[in-house]
Structure formats: C-alpha cells, structure tokens
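Chemist: Output the structure for:
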Amino acid sequence: MSAAASQSSGTGPAKDATTKLVAFDDNAKIPEHPGGGWPVPSFANIAASAKEIAQLAPRIIAQEAMTWDVFRWVVVVLLAVNILLTLILSGGSGSETDQIRKNQEAYAAQLNDLRAEIDQKIGKAKAELSGDIAAAQAGLMDQLRKATAVTRSRAPSGPVPLPTRAPDRR
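Modeler: Okay, here's the model as predicted:
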C-alpha cells in the first residue's frame, strides 16, 4: 500500500499540507490551531482541552493496552502485586511503631535512673576520697614536721664555716 493510499484511507496520521487534523485514531481527532503555532492559553481553552483529554484518554489507553505483549502485562502485574504487598505490610506498622516508642521511653527512663545512680556513686566516692586525701595529707605534713624538727636539732647552733679552697700547686 502506498503512502498516498494510507493517507486517503484514514488509517494513519495525516501528513499532507491540506489536511489540518491530527489523528489519534479513526474516532477521535483534534484540530490544529488555525493560525499555526501555539494557541494563546485561556481558561476556556484549558477547560476544553482538559475535557477533551479526559474523554479521549480511556480510549487511547485501551487501544495502547490491546497492543501490548505478554512481557508488558507481566511487568504491570508484578508492579501491582509489589504495590499491594507493600501496602499490606506497611499497614500493620502503626502498632509496631507505637511499641517501639514505648520501648524507647522505657529505655530512656532506665538510662536516666542509671545516670542518677552513677552520679550519686561518683559524688559519694569523691567525698570519701577527699576525706582520705585530707587524712593522707595531714599524715605527710606531720611526718615532714617531725623530720624537719629532727634535722634542726642536729644542726650546729652557730654559723657554718665555709669550705676553704686548697692552694694551687703549680
């Protein structure tokens, strides 16, 4: 079949300059803008275009879907199963989320109790150590006083003579 014959029979999209229709299929045709180029958008044009698209979309999708092979249908089915499975599995997560929040609150309370207990034990240990350190320091100071008292009692009472230098032997 030649290109001219396919255009005249209406089975393919119109391509010659005299025809001003763009064909989606034999039943639905949308005219091009009369001045060529892009039409100026207005609310009426947008509403009419949306209405036409809403009317034509199911037909176009149905025609396209009828030409699909098995592989495309398998992909669509697997995608739908995946989405349904995800929705089913995520549907019960609300109660699990609540349970996790309760567990976190319980762990936070236990952690706060442990921190308070550790702070209390550290404070008690500091107090005991400061007492022990003060007692050890007092004992060391006492020993130092005794040692200095003993060395003072042994020291000569008068001035200490300076050592003399030996004469040079040259």
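Chemist: in this structure, which spans are strands?
Modeler: Along the chain, counting by DSSP state E, strands occupy 21-23, 29-31.
Chemist: Contacts only, for Trp73.
Modeler: By Cβ atoms under 8 Å, 6 or more residues apart in numbering, the contact list for Trp73 is empty. Just so you know, the C-beta spots here come from the backbone N, C-alpha and C atoms, and that holds for glycine as well.
Chemist: And for Ser49, the neighbour number?
Modeler: Per other Cβ atoms under 10 Å, the neighbour tally for Ser49 reads 13.
Chemist: so how many other residues sit close to Leu56?
Modeler: When neighbours are defined as other Cβ under 10 Å, Leu56 has 16 of them.
Chemist: What confidence value was assigned to it?
Modeler: According to the predicted model, the pLDDT of Leu56 comes to 86.
Chemist: Glu105 now?
Modeler: At Glu105, the pLDDT recorded in the model is 92.
Chemist: do Leu87 as well
Modeler: pLDDT, Leu87: 84.
Chemist: Lys15 now?
Modeler: According to the per-residue confidence, Lys15 scores 48 in pLDDT.
Chemist: just the one 5 residues further on next, same as before
Modeler: pLDDT recorded at Lys20 is 47.
Chemist: 35 is where my numbering starts, stick with that
Modeler: Renumbered: residue one is now 35, and that last one reads Lys54.
Chemist: Against Asn79, how distant is Gln89?
Modeler: As defined by Cβ to Cβ, to the nearest Å, Gln89 lies at a distance of 16 Å from Asn79.
Chemist: ugh, wrong one, I meant Val108
Modeler: Here the criterion is Cβ to Cβ. By it, Val108 lies 41 Å from Asn79.
Chemist: Next: Ala140.
Modeler: When Ala140 is compared with Asn79 (using Cβ to Cβ), they lie 62 Å apart.
Chemist: Then Phe105?
Modeler: In this structure, Phe105 and Asn79 are separated by 39 Å, where distance is defined by Cβ to Cβ.
Chemist: Just give me the neighbour total for Ile94.
Modeler: Count around Ile94 with other Cβ under 10 Å applied: 13.
Chemist: All the helices of this structure, residue numbers only.
Modeler: Taking DSSP state H to define them, one finds helices in the chain at 37-43, 77-100, 104-125, 127-188.
Chemist: Can you add distance to Pro201 and give the ones you listed back as TSV?
Modeler: TSV is the format used below for the helices of the chain (distance: least, Cβ to Cβ, whole Å):
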stretch	distance to Pro201
helix 37-43	137
helix 77-100	124
helix 104-125	107
helix 127-188	32
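Chemist: I'd like to know the average pLDDT value across stretch 161-168.
Modeler: Taken as a whole, stretch 161-168 carries a mean pLDDT of 88.
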